[in-house]
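1. what's the 3D shape of this:
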Amino acid sequence: MKALKLPPRAPSLRVKPTFMQKSKYKHLLNDPNVQRWFRKLLRRSPASAQKNLSRLGWLCEHFDTTPQELARLSKRKAEDWTEDMINLLEDDGKRSSYISNLFKTTKSWFKHNRKHVEVEYKVAPETGLYAQEKPPTNEELRKILDAADIRQKVAISLMAFSGFRDQTLGDVTGVDGLRISDFPEMKIANGIVELNAIPTFVICRATISKSRYEYRTLLNEEGCEYLRTYLTWRMQTKEKDTKQIVEGNRKTVRVKVPGETITPDSPIITPTTQRGLTHPHHKH
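-> Reported below is the predicted structural model:
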């Protein structure tokens, strides 16, 4: 039986997602083996893939090695390297949760390279910087909302009142997030936003749910009012200052900018500097 011959990997096939363009360690993706590992992580979570690549890059930089050198280690040497890494980071005073994340990345990289590292790391109770973290009180939340602009008010409300995580509003790649269509009781026509029920239902689709199943939640009256104000503002004609050449001289001119045309595919939260952005549907 003939062995299956894989097609040559062309440079154009290399994975260089746009959300990684500013990453200090994006050059690691030039290695086909790192790409394979990254794409495997990418299928589960773009944010996790991004963090793991950065951690692998930091480990290699910090311990003067490369992903290729780590991949070539024997199982025993990989386990020794992992133990030494943990010990050195502990001696350096790193938090246990910080070490745990680097440990998970290390195990993931070795596992991808067929090295099942049999090393365990127990996270110790945290002390210091994050030990006293707690959710804001109602009074603190009120102060946060009072200081926020209309866009921020919507994002804060969806997290505080509906229980969404930030990546449900918009993922790290900018590809998916809450859309207008995820608010089934909301209607938009002729620049007017109407909510047929308050509190209103919000659908968290499986593609933006961390648990990967669809569920429904509610947005309360205050959050609904922020949402209505924000969407109405996005559809309104605005004015802005722009530099133009007038009679041979560069001058600041105030121009009118058409409001956004909002459709069912429009995102609930958009970048402040862009209008009319849509979340492309995932291709399967």
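2. Okay, helices next: where are they in the protein?
-> For the chain, helices defined by DSSP state H occupy the ranges 32-44, 46-62, 67-71, 75-91, 96-112, 138-147, 150-160, 166-169, 221-235.
3. And those, which one averages the lowest pLDDT?
-> Lowest mean pLDDT within the helices of the chain: helix 166-169, at a mean of 86.
4. Show me which parts of that helix are buried, residue by residue.
-> 167-169 (16 or more other Cβ atoms under 10 Å). Where you see a C-beta, it was placed from the backbone N, CA and C, and this is true even at glycine.
5. now the residues you listed in TSV, with distance to Glu140?
-> Output for the buried residues of helix 166-169, formatted as TSV (distance: Cβ to Cβ, whole Å):
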residue	distance to Glu140
Gln167	23
Thr168	22
Leu169	21
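6. Was I right to think Leu158 contacts Asp166?
-> No - applying Cβ atoms under 8 Å, one finds Leu158 not in contact with Asp166, separated by 9.2 Å.
7. who touches both of those two?
-> Overlap of the contact sets of Leu158 and Asp166 (by Cβ atoms under 8 Å, 6 or more residues apart in numbering) is empty.
8. Distance check, the closest residue to Gly170 other than its chain neighbours against Ser209.
-> Distances taken as Cβ to Cβ, 6 or more residues apart in numbering place Gly177 nearest to Gly170, at 3.5 Å, with adjacent residues excluded. The gap separating Gly177 from Ser209 is 12 Å, by Cβ to Cβ, to the nearest Å.
9. give me the number of residues near His112?
-> Per other Cβ atoms under 10 Å, the neighbour tally for His112 reads 17.
10. How about the contacts made by the residue lying closest to it once chain neighbours are set aside?
-> Counting by Cβ to Cβ, 6+ apart, His112 lies nearest to Trp37, which is 4.4 Å off, once chain neighbours are set aside. The neighbourhood of Trp37, defined by Cβ under 8 Å, 6+ apart, consists of 108-109, 112.
11. Now with 10 Å, please.
-> 28-29, 31, 49, 52-53, 56, 67, 71, 108-109, 111-113 (Cβ atoms under 10 Å, 6 or more residues apart in numbering).
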